[in-house]
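Chemist: I would like to see how this sequence folds:
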Amino acid sequence: MVPPLRKQGPDGGVYTRDGKIEARLAELVALPHDRVVALCSIIRREDPDYVPSECVLSLVRACRSGGPPGHFDRLYRVLAARVLRALPGGRSALGGTLSLTESRVREGAFDRFNELLAEDRSEYSERLDYFEVRFDGAIAHLRLDARRRAYREESRRAPLALEGEDGASGEAEEAARDPAPFEVNGIDGFLYRPGLDAAIGALPPLQRTIIEMLRQEIPIDSKEPGVVTIAAVLDRSEKTIRTHRDLARATLRAALTQGDDP
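Modeler: Numbering: from 1, shown residues only. The predicted structure follows:
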């Protein structure tokens with residue numbers, strides 16, 4: 001018997017798993033433990049025997065009530081690997097090195113997931129119920145929260161004052177008239193220019209953070225409530241964000257056009 005979820009939504013209704021998830025769980029709990037672990041270890045979602053992550057999490061939580069020695073550890077390793085694959089660097093086929101910010105996002109989101117799981121291991125925690133309803137969406141929320149914290153931390157390490165912060169310098173004003181070099185329609189399609197990531201990495205911390213957030217299509221400011229904005233996350237004025245964005249554009253444009261024919 002698969003126990004029901006307990007968390008209530010804003011409308012007072014109790015969270016419920018998708019019908020297909022409930023049916024698959026009913027099949028899994030009737031199988032030998034070794035077979036369950038083998039099925040959960042399938043990585044390819046296209047495989048007909050693939051076990052959704054909502055089911056894997058439910059099976060891990062069920063170990064709170066007991067089970068054969070080592071069963072929780074085996075299932076947890078499967079679950080942890082799935083969480084890590086959903087975080088920065090998890091599906092990279094290039095084997096590249098993560099930036100410091102992305103490393104913090106990866107570690108922060110994974111640590112938070114483990115905190116929630118540890119709470120649930122001690123005593124049923126309703127905070128994990130949403131993961132059983134929509135696992136990918138819940139992990140995306142963890143990732144976003146970790147990214148906000150990483151950006152705030154990087155912003156705190158940046159100098160509080162910089163020439164041109166209260167008014168754009170001539171260089172920044174000139175840059176503002178040019179297309180952003182990291183946009184597809186920008187100068188020479190800079191999005192595909194070699195050296196872009198290295199040039200961004202060489203920017204001052206605050207400017208680098210702003211550019212990284214812009215590349216992820218986070219707006220500088222918004223009048224709509226609840227929208228994540230760069231100004232709010234970094235706790236800076238919209239004018240300050242735009243000034244540093246323009247300074248960063250000028251620096252990137254100079255770095256990426258160095259050596260080009262006049």
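Chemist: how many neighbours does Leu234 have?
Modeler: 23 (other CB atoms under 10 Å). From N, CA and C alone the C-beta is placed, and that goes for glycine too.
Chemist: try the one 5 residues further on
Modeler: For Lys239, the tally of surrounding residues (other CB under 10 Å) stands at 15.
Chemist: can you check the one 5 residues further on too?
Modeler: For His244, the count of nearby residues is 27 (other CB under 10 Å).
Chemist: quick one, helices of the stretch 151-262 of the chain?
Modeler: Applying DSSP state H, counting those that start in this stretch to the stretch 151-262 of the chain gives helices spanning 170-176, 196-201, 205-215, 230-234, 238-257.
Chemist: and the angle from the last one to helix 205-215?
Modeler: So that's helix 238-257. Angle between the axes of helix 238-257 and helix 205-215 is 90 degrees (criterion: axes from the mean of the first three to the mean of the last three CA atoms, to 10 degrees).
Chemist: Now do the buried residues in helix 238-257.
Modeler: Across helix 238-257, burial judged by 16 or more other CB atoms under 10 Å covers 240-253, 255-256.
Chemist: rewinding a little: and of the helices of the stretch 151-262 of the chain, who's closest to Arg152?
Modeler: Closest of these to Arg152 is helix 230-234, at 6.4 Å (criterion: CB to CB).
Chemist: same for that closest one, what does it pack against?
Modeler: Where contact means 3 or more CB pairs under 8 Å, 6 or more residues apart in numbering; DSSP states H and E, helix 230-234 is packed against helix 135-157, helix 205-215, helix 238-257.
Chemist: Swap in 6 Å and give it another go.
Modeler: Counting contacts by 3 or more CB pairs under 6 Å, 6 or more residues apart in numbering; DSSP states H and E, helix 230-234 is packed against helix 135-157, helix 238-257.
Chemist: can I get those in JSON lines with mean pLDDT and distance to Pro4?
Modeler: Shown next, in JSON lines, are those (pLDDT from 0 to 100; distance: least, CB to CB, whole Å):
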{"stretch": "helix 135-157", "mean pLDDT": "83", "distance to Pro4": "17"}
{"stretch": "helix 238-257", "mean pLDDT": "85", "distance to Pro4": "46"}
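Chemist: so can I have CSV of those showing distance to Arg77?
Modeler: Converted to CSV, the helices and strands packed on helix 230-234 look like this (distance: least, CB to CB, whole Å):
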stretch, distance to Arg77
helix 135-157, 17
helix 238-257, 42
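Chemist: And these: which comes nearest Glu212?
Modeler: Glu212 sits nearest to helix 135-157 of all these, at 8.1 Å, using CB to CB.
Chemist: tilt between the closest one and helix 205-215?
Modeler: Using the same axes, to 10 degrees: helix 135-157 against helix 205-215 is 150 degrees.
Chemist: So which bits of helix 135-157 are buried?
Modeler: Those would be 135, 138-139, 142-143, 146-151, 154-155, for helix 135-157 by 16+ other CB under 10 Å.
Chemist: other SSEs contacting the helix or strand where Phe110 lies?
Modeler: Assigned by DSSP states H and E, Phe110 belongs to helix 100-122. Packed against helix 100-122 by the contact rule (3+ CB pairs under 6 Å, 6+ apart) you find helix 135-157.
Chemist: could you dump the helix it packs on to PDB, C-alpha only?
Modeler: Output of helix 135-157 as PDB, limited to C-alpha atoms (Å, rounded to 0.1, in the frame of the first residue of the first chain):
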ATOM      1  CA  PHE A 135      10.000  16.300  -9.200                       C
ATOM      2  CA  ASP A 136      11.700  18.300 -12.000                       C
ATOM      3  CA  GLY A 137       9.800  21.500 -11.100                       C
ATOM      4  CA  ALA A 138      10.800  21.200  -7.400                       C
ATOM      5  CA  ILE A 139      14.400  20.700  -8.400                       C
ATOM      6  CA  ALA A 140      14.200  23.700 -10.600                       C
ATOM      7  CA  HIS A 141      13.000  25.800  -7.600                       C
ATOM      8  CA  LEU A 142      16.000  24.600  -5.600                       C
ATOM      9  CA  ARG A 143      18.300  25.500  -8.400                       C
ATOM     10  CA  LEU A 144      16.700  29.000  -8.700                       C
ATOM     11  CA  ASP A 145      17.000  29.600  -4.900                       C
ATOM     12  CA  ALA A 146      20.600  28.500  -4.900                       C
ATOM     13  CA  ARG A 147      21.300  30.800  -7.900                       C
ATOM     14  CA  ARG A 148      19.800  33.800  -6.100                       C
ATOM     15  CA  ARG A 149      22.000  33.100  -3.000                       C
ATOM     16  CA  ALA A 150      25.100  32.700  -5.100                       C
ATOM     17  CA  TYR A 151      24.400  36.000  -7.000                       C
ATOM     18  CA  ARG A 152      23.900  37.800  -3.700                       C
ATOM     19  CA  GLU A 153      27.100  36.400  -2.200                       C
ATOM     20  CA  GLU A 154      29.000  37.400  -5.300                       C
ATOM     21  CA  SER A 155      27.500  40.900  -5.200                       C
ATOM     22  CA  ARG A 156      28.500  41.400  -1.600                       C
ATOM     23  CA  ARG A 157      32.100  40.600  -2.600                       C
END
